[in-house]
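1. Sequence and predicted structure are below.
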Amino acid sequence: MKLPIVVYGDPVLEKKGEKIKEINEEIKKLVEDMYETMVAAPGIGLAAPQVGKSLQLAIIDLSAGENPEERLVLINPEIIEKEGLQKEEEGCLSFPGIFGFVERPEKVKVKYTDLDGNEKIIEGEGLLARALCHEIDHLNGELFIFKFAPVKRQLVMKKIKKLMKEGRWGY
């Protein structure tokens, strides 16, 4: 089931998500619904807070649904190593129409639990490293616009406030 995407302004986006203690049917259903939501958006990553759930859960699929077997389900993920730097333009489903350059590590190593309850480590570089960092930031209440240069961030906030006032912010 496609879920509504929460946009900036909702407090859930700036709150650290709770660790998942048990992978039950409710979590598995949420993952399926999040995947359907992400693909329909379309996007390459989605964190539970973006659908209103304050949980340490994110999904990533760099193929944007073209290759469902590429889907990564990250439960309680944690970055354990970072290396290098890259600066690329990013967008976010919780900030429709907003894009900006963000500095991220070129490579990361992330420890997480998969949907079967197995502890795993994934190494990502380039776009995968960027997606891992972006989604893990969401789980910690950190938003990509906070990483924009100050002037760019002010312009974006001004634009969002104007859209909110006009009732045109969101989906």
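-> Structure received. Residues are numbered from 1 along each chain as shown.
2. Isn't Ile145 up against Arg153?
-> Yes: using Cβ atoms under 8 Å, Ile145 is in contact with Arg153, at 5.7 Å. Every residue, glycine included, has its C-beta placed from N, CA and C.
3. more neighbours, the two?
-> Ile145 (19 against 14; other Cβ atoms under 10 Å).
4. what sits against the more buried one?
-> If a contact means Cβ atoms under 8 Å, 6 or more residues apart in numbering, then Ile145 has 8, 92, 95, 98, 100, 153, 156-157 as its contacts.
5. where does Met164 fall, helix, sheet strand or coil?
-> helix (DSSP: H, G, I helix; E, B strand; the rest coil).
6. Okay, the residue nearest to it when sequence neighbours are not counted and Ser94: tell me how far apart.
-> Closest residue to Met164 apart from its sequence neighbours, by Cβ to Cβ, 6 or more residues apart in numbering: Gly9 at 6.4 Å. Look at Gly9 and Ser94: by Cβ to Cβ, to the nearest Å, they are 9 Å apart.
7. Looking only at neighbour counts, state which of those two leads.
-> Ser94 (25 against 13).
8. Retrieve the pLDDT associated with the more buried one.
-> On pLDDT, Ser94 comes in at 98.
9. what's near enough to touch it?
-> With Cβ under 8 Å, 6+ apart, Ser94 has these contacts: 5-8, 13, 50, 138, 143.
10. Just these: which are in helices?
-> Here DSSP state H is the test, and the contacts of Ser94 give His138 as lying in helices.
11. With neighbour count, distance to Tyr112 and pLDDT added, can I get the contacts of Ser94 in JSON lines?
-> Shown next, in JSON lines, are these (neighbours: other Cβ atoms under 10 Å; distance: Cβ to Cβ, whole Å; pLDDT from 0 to 100):
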{"residue": "Ile5", "neighbour count": "21", "distance to Tyr112": "23", "pLDDT": "98"}
{"residue": "Val6", "neighbour count": "21", "distance to Tyr112": "22", "pLDDT": "97"}
{"residue": "Val7", "neighbour count": "20", "distance to Tyr112": "26", "pLDDT": "97"}
{"residue": "Tyr8", "neighbour count": "19", "distance to Tyr112": "26", "pLDDT": "97"}
{"residue": "Leu13", "neighbour count": "21", "distance to Tyr112": "21", "pLDDT": "98"}
{"residue": "Gln50", "neighbour count": "27", "distance to Tyr112": "18", "pLDDT": "98"}
{"residue": "His138", "neighbour count": "26", "distance to Tyr112": "14", "pLDDT": "98"}
{"residue": "Leu143", "neighbour count": "18", "distance to Tyr112": "21", "pLDDT": "98"}
